[in-house]
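K.L.:
okay, here's the prediction I keep looking at, along with the sequence it came from:
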Amino acid sequence: MVKYVDMIGWDDAPHLQPPHIEKKELDALEADILPHQRKARRDGRPSIGHGAIYPVDEDSFFIDPFKIPDYWPRGYALDVGWNRTAALWAAHDQDADVYYLWHEYYVAEAVPIVHAHSIMAPGRWMTGAIDPAAEHSSQRDGKKLKQEYTELGLHLVFANNAVAAGIHHVLVLLQGGQLKVFNTLQYWRKEFRLYRRNEKGKIVKENDHLMDCSRYVLNTKGVLTTPPIQRKDRRKRGEW
């Protein structure tokens, strides 16, 4: 026996709608639904529903990738662990005051030297905001992880880990159109859809590595910097 499952939205099944409900009335019904739930209610797309930490419609911030201009400040955040090490890169268009999340790294069960090689690939010069928990010793050999990654060539500072303020800042950027995310960041997308609070209002601490990185990279001072060659060129032109 073959089973087939498909999603049917309001527009796909007009015959299921009572004849007295017109398009303008459906639009009015949709307007009463929270933005992040509209795709689920109208089109059948999966959605967290109640408890979503970032109740924002994905279509408002996911964009097609483009080449980040060399003069835009860039940096990354790093969340380390044996079960999962994640990194997330951001750039800032200072003219428009819009931030872009443009690259991600998401690998499990690998030693720091393996992670470091990939993390430096987008630009060895970039500064990273590392999870403050990395100050604690690594279970592998007792060496502090921040020190170990620094010795491997990464430029790291401890991230601002103010959770409530960090989440609020990210939410304000998303709702205000000041934060865009490349639609190629599939792991970020998956975590975004699962990032939620439980029935007691507590954040569910599962599969949230890149969500933490989002807070780190957007809330830690001194992480987003321009490439050294751009800084030299600007000094030559008398801009600094």
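P.N.:
Cool, got the structure.
K.L.:
was I right about residue 178 contacting residue 99?
P.N.:
Yes: assessed by C-beta atoms under 8 Å, residue 178 is found in contact with residue 99 at 6.3 Å. Heads up, the C-betas are built off the backbone N, CA and C, glycines and all.
K.L.:
which one of the two has more residues nearby?
P.N.:
residue 99 (23 against 16; other C-beta atoms under 10 Å).
K.L.:
any idea of the mean pLDDT in stretch 167-176?
P.N.:
What stretch 167-176 shows for mean pLDDT is 98.
K.L.:
repeat that for stretch 61-68.
P.N.:
pLDDT averaged over stretch 61-68 gives 98.
K.L.:
so residue 177 is in which element?
P.N.:
Assigned by DSSP states H and E, residue 177 belongs to no helix or strand.
K.L.:
what sits against it?
P.N.:
60, 61, 98 (C-beta atoms under 8 Å, 6 or more residues apart in numbering).
K.L.:
state the distance from the first one to residue 145.
P.N.:
When distances are taken as C-beta to C-beta, to the nearest Å, residue 60 and residue 145 turn out to be 36 Å apart.
K.L.:
between those two, point out the one with more neighbours.
P.N.:
residue 145 (23 against 14).
K.L.:
give me the nearest residue to that one, chain neighbours excluded.
P.N.:
Closest residue to residue 145 apart from its sequence neighbours, by C-beta to C-beta, 6 or more residues apart in numbering: residue 134 at 4.0 Å.
K.L.:
quick check, the one you found in contact with residue 150.
P.N.:
No: contact criterion C-beta under 8 Å: residue 134 and residue 150 do not qualify, at 10.3 Å.
K.L.:
looking at the two, which one has more neighbours?
P.N.:
residue 134 (21 against 15).
K.L.:
how about the more buried one, what does it touch?
P.N.:
With C-beta under 8 Å, 6+ apart, residue 134 has these contacts: 78, 80, 144, 145, 146, 149, 158.
K.L.:
burial of the fifth one, as a residue count?
P.N.:
Looking back up the chat, that one is residue 146. By the criterion of other C-beta under 10 Å, residue 146 has 23 neighbours.
K.L.:
just give the nearest non-adjacent residue to it, would you?
P.N.:
Nearest one to residue 146, counting by C-beta to C-beta, 6+ apart, is residue 134 at 4.6 Å.
K.L.:
what's whatever helix or strand residue 89 lives in packed up against?
P.N.:
Assessed by DSSP H and E, residue 89 sits inside strand 85-93. If you count contacts as 3 or more C-beta pairs under 8 Å, 6 or more residues apart in numbering; DSSP states H and E, strand 85-93 packs onto strand 74-79, strand 98-107, helix 112-120, helix 209-219.
K.L.:
neighbouring strands for the second one, and are they parallel or not?
P.N.:
Looking at strand 98-107 with DSSP bridges, its partner strands are strand 85-93 (antiparallel), strand 179-182 (parallel).
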